[in-house]
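Asker: Attaching a predicted model along with its sequence, questions to come.
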Amino acid sequence: RTLWCLCFWRAFSRQNSLRLIARLSMRILTWNINGLRSLAGPLKHLLDSFEADLICFQETKVTRDQLEESVAIIEGYNAYFSFSKVKSGYSGVVTFCRHSSTPFAAEDGLSGVLLAPCHGTSIIGEFGDLSGFQDDELKALDSEGRTVITQHNLKEPFDEGQKLVVVNVYCPRADPDRPDRQIFKLQFYKLLQIRCEALRQAGNHVIIVGDLNTAHKPIDHCDPGDLAEFRQHPGRLWMDQFILKTDFNDKQIQFHRHDDDNSSQTDDSDLKLKLIDLFRYFHPRDANTYTCWNTMLGARQTNYGTRIDYIFADLDLVRGGVSDCWIRGDIQGSDHCPVVAELKCEISPSEKLPSLCTKFMPEFAGTQQKLQSYFTKKTHETDTDVIAKTSQKPELRGTILKRPTTDQRSGKQIAKKPKLESQKSARSKQITLTGFFPGKPTSTVNIPEETGGREGADEGGESTVGGGEIFQKSVKQREGSNSQVSLWKNLMKAPDTPLCKGHSEPALLRVVKKQGPNFNRKFFVCARPQGHESNPEARCNFFEWVKKC
């Protein structure tokens, strides 16, 4: 009995300790989903499968008018969206928070120019010095739906009152053919850094999650090319001074300034403003760990990608409250995969939802009349229903309900209007919708039988066209139509598929979609997925234009 009690006590203690560990940890997941409507299955099932407290999606590609209630209101979660205000089906981010991690403040955008006066106490504030931006520039940077910020209260092991700010961001992509978008991207980076440093100076812990659209180091890129040119990329230069450099040394991480910094000692106040790449903090030497691939070229099959999705955290938070960060490459459904971080802390949920929450949107809060209400049928009481109701009242039993024959206001007799026969016949002859689409007229040709070897003589002595002549005409018409069909088939015929030089396999036909002199031209390439040139299973360099007819 003593041994059994001891085993039971050990199992009970272990189970409680595991529960305590689970209770004192929280998970944050970030994923560029490449369109909310591309996700398979109910959204709640997907969110639950992540087992995360904060779930941050980028590139939702929905605008406010396209948001459906099944996506905006999820049982067990509260959602905060940022929509693109420049065009439909573009950009957009959303943060889903479990009710156990409800924020007490939430904002749309980085600069605060989009905040409505009704936000009240839901504003996080601390925007920093924005004097280097024009008002129109700030509005443009925040109008593409690229940022949602939530603020939470932290519990153990942090001191009471400490706050955590989670910045869910989708940074712009720099189109090589559009220099203005390169400037736009760098300005967005600048605004992001100013806001995060202001939040840190105000005493908040800061976590940045999302798609930053820049592979920081050569280890984060499948084909970095010339390393000197790679490092001089403007986006990477910005990340060099924004992200704290870390060196791995056995059991501890050492923090240093970057190589271009002349100072030999680090300023602790300066370090507090820096952020740490959590994946590289825990996995500094893991190569071929990417988060984005060109799925149009099948690059995920050969793992020919980049790591452009990150989770950054401030130094104090990393030292005291982060346990791990990993990439979920097993999750399909997008050209990106999720990144997860686990913190050794717990969030104290807010009892009141921030005003940015989707539950306060008029179309989901029940305060706005929906369009479908204008198309519902109005029910009218029939005479039978009225009689049934009056039969239930004792004072009206036995009475016969008749249609009134006099006008209650004037007292004049109401004359019944007789129905005209023309009205009845008109109703019966009313044209239906299908009457406007008559069928094609059909014509038949009667071929007379041959009689007595004479060619087409009838009883009246009049000569008619013989059946043989009609048959010859129909054959000629059929031959003419067949020649036209064959002509069109030759014009629309797909070009002969060549074999690629590297694998002697049928090549893949593609079309140039980029605007330029070769727009809409067709060409052949190797059908295998894109990969490194040293990979024999990857695509070879076969290329051939389709010959013009």
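Answerer: Structure's in. What do you need?

Asker: Distance check, Phe127 against Ala198.
Answerer: Taking C-beta to C-beta, to the nearest Å as the measure, Phe127 and Ala198 are separated by 6 Å. No exception for glycine: its C-beta is placed from N, CA and C like everyone else's.

Asker: helix, strand or coil for Gln151?
Answerer: Assigned with DSSP: H, G, I helix; E, B strand; the rest coil, Gln151 falls in the strand class.

Asker: how about the residue lying closest to it once chain neighbours are set aside, phi and psi?
Answerer: Residue nearest to Gln151 in three dimensions, not counting chain neighbours: Ala105, with 4.1 Å by C-beta to C-beta, 6 or more residues apart in numbering. Note on Ala105: its backbone torsions stand at phi -160, psi 150 [degrees, to the nearest 10].

Asker: Please name the residues that touch Asn168.
Answerer: By C-beta atoms under 8 Å, 6 or more residues apart in numbering, the contact set of Asn168 is 30, 56-58, 93-95, 147-150, 209-210.

Asker: swap the cut-off to 6 Å and go again
Answerer: Cys56, Val93, Thr95, Val148, Val209, Gly210 (C-beta atoms under 6 Å, 6 or more residues apart in numbering).

Asker: That one looks like it's in a strand, true?
Answerer: Yes: Asn168 sits within a strand when classified using three-state DSSP.

Asker: Relative to Cys337, how far out is Trp293?
Answerer: As defined by C-beta to C-beta, Trp293 lies at a distance of 9 Å from Cys337.

Asker: Between these two, which is the more surrounded one?
Answerer: For Trp293 versus Cys337, the count of surrounding residues by other C-beta atoms under 10 Å is larger for Trp293: 24 against 21.

Asker: And what about Phe188, helix, strand or coil?
Answerer: Following three-state DSSP, the label given to Phe188 is helix.

Asker: Okay, it and Tyr304: tell me how far apart.
Answerer: Distance from Phe188 to Tyr304, by C-beta to C-beta: 27 Å.

Asker: Stretch 286-303: which residues count as buried?
Answerer: Judged by neighbour count (16 or more other C-beta atoms under 10 Å), stretch 286-303 contains these buried residues: Thr289, Tyr290, Thr291, Cys292, Trp293, Thr295, Leu297, Gly298, Ala299, Arg300, Thr302, Asn303.

Asker: quick one: low-confidence parts of the stretch 201-350 of the chain?
Answerer: 247-270 (pLDDT under 70).

Asker: For it, which segments count as helices?
Answerer: Ranges of helices in the stretch 201-350 of the chain, per DSSP state H, counting those that start in this stretch, are 227-231, 234-242, 268-273, 278-282, 315-321.

Asker: Quick one: closest of these to Gly109.
Answerer: helix 234-242 (19.4 Å; C-beta to C-beta).

Asker: The closest one: which residues count as buried?
Answerer: Buried-residue list, helix 234-242, by 16+ other C-beta under 10 Å: Gly235, Arg236, Trp238, Met239, Asp240, Phe242.

Asker: Give me the distance between the spatially closest residue to Ala287 that is not a sequence neighbour and Val94.
Answerer: Spatial nearest neighbour of Ala287, excluding adjacent residues (C-beta to C-beta, 6+ apart): Ile219 at 5.5 Å. Remark: distance between Ile219 and Val94 (C-beta to C-beta) = 30 Å.

Asker: Of those two, which one has the most company?
Answerer: Ranked by neighbour count (other C-beta under 10 Å), Ile219 and Val94 place Val94 first, with 24 against 15.

Asker: just to revisit the earlier point, and the buried residues of helix 234-242 as JSON lines, adding distance to Ser122?
Answerer: Output for the buried residues of helix 234-242, formatted as JSON lines (distance: C-beta to C-beta, whole Å):
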{"residue": "Gly235", "distance to Ser122": "32"}
{"residue": "Arg236", "distance to Ser122": "36"}
{"residue": "Trp238", "distance to Ser122": "30"}
{"residue": "Met239", "distance to Ser122": "31"}
{"residue": "Asp240", "distance to Ser122": "35"}
{"residue": "Phe242", "distance to Ser122": "28"}
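
Asker: May I see the buried residues of stretch 198-206?
Answerer: Under the neighbour-count criterion of 16+ other C-beta under 10 Å, stretch 198-206 has Ala198, Leu199, Arg200, Asn204, His205, Val206 buried.

Asker: What does the third one show for phi and psi?
Answerer: Okay, so that is Arg200. Main-chain torsions, Arg200, degrees, to the nearest 10: phi -70, psi -40.

Asker: ok, it touching Leu273?
Answerer: Yes: taking contacts as C-beta atoms under 6 Å, Arg200 lies within contact range of Leu273: 5.4 Å.

Asker: measure stretch 330-347 end to end?
Answerer: Distance between the two ends of stretch 330-347: 28 Å, counting by C-alpha to C-alpha, to the nearest Å.

Asker: next one: stretch 521-539
Answerer: End-to-end distance for stretch 521-539: 21 Å, by C-alpha to C-alpha.

Asker: Only the buried residues of that stretch, if you could.
Answerer: For stretch 521-539, burial by neighbour count (16+ other C-beta under 10 Å) applies to Phe524, Val525, Cys526, Ala527, Arg528, Pro529, Gln530, Gly531, Ala538, Arg539.

Asker: what's the answer for stretch 69-89, then?
Answerer: 71-74, 77-85.

Asker: Give me the subset of the residues you listed that lies in strands.
Answerer: Applying DSSP state E to the buried residues of stretch 69-89, the entries found in strands are Tyr77, Asn78, Ala79, Tyr80, Phe81, Ser82.

Asker: which of the residues you listed lies closest to Gly329?
Answerer: Distance ranking of those against Gly329, using C-beta to C-beta, places Tyr77 first at 24.9 Å.

Asker: Tell me the confidence at the closest one?
Answerer: pLDDT recorded at Tyr77 is 97.

Asker: tell me the SS of the nearest residue to it once chain neighbours are set aside?
Answerer: Nearest non-adjacent residue to Tyr77, counting by C-beta to C-beta, 6+ apart: Phe96, 4.7 Å away. Of the three states, Phe96 takes strand according to three-state DSSP.

Asker: quick one: Leu356 and Ile123, what's the gap?
Answerer: 10 Å.

Asker: So for those two, which residue has more residues nearby?
Answerer: Leu356 (26 against 19).

Asker: Let's test this: what are the backbone torsions at that one?
Answerer: The phi/psi pair for Leu356 (degrees, to the nearest 10) is phi -80, psi -10.

Asker: What of Ile123?
Answerer: Here is the backbone geometry of Ile123 (degrees, to the nearest 10): phi -80, psi 130.

Asker: what's the distance between the residue nearest to it when sequence neighbours are not counted and Leu164?
Answerer: Computed as C-beta to C-beta, 6+ apart, the closest residue to Ile123 that is not its neighbour in sequence is Leu115, at 6.0 Å. Look at Leu115 and Leu164: by C-beta to C-beta, they are 20 Å apart.

Asker: Of these two, which one has the most company?
Answerer: Ranked by neighbour count (other C-beta under 10 Å), Leu115 and Leu164 place Leu164 first, with 26 against 19.

Asker: Tell me, please, where in the stretch 1-150 of the chain the pLDDT is lower than the cut-off.
Answerer: Using pLDDT under 70, the flagged stretches of the stretch 1-150 of the chain are 1-24, 116-121.

Asker: what comes up buried for stretch 36-45?
Answerer: Applying 16+ other C-beta under 10 Å to stretch 36-45 flags Leu36, Leu39, Leu43 as buried.
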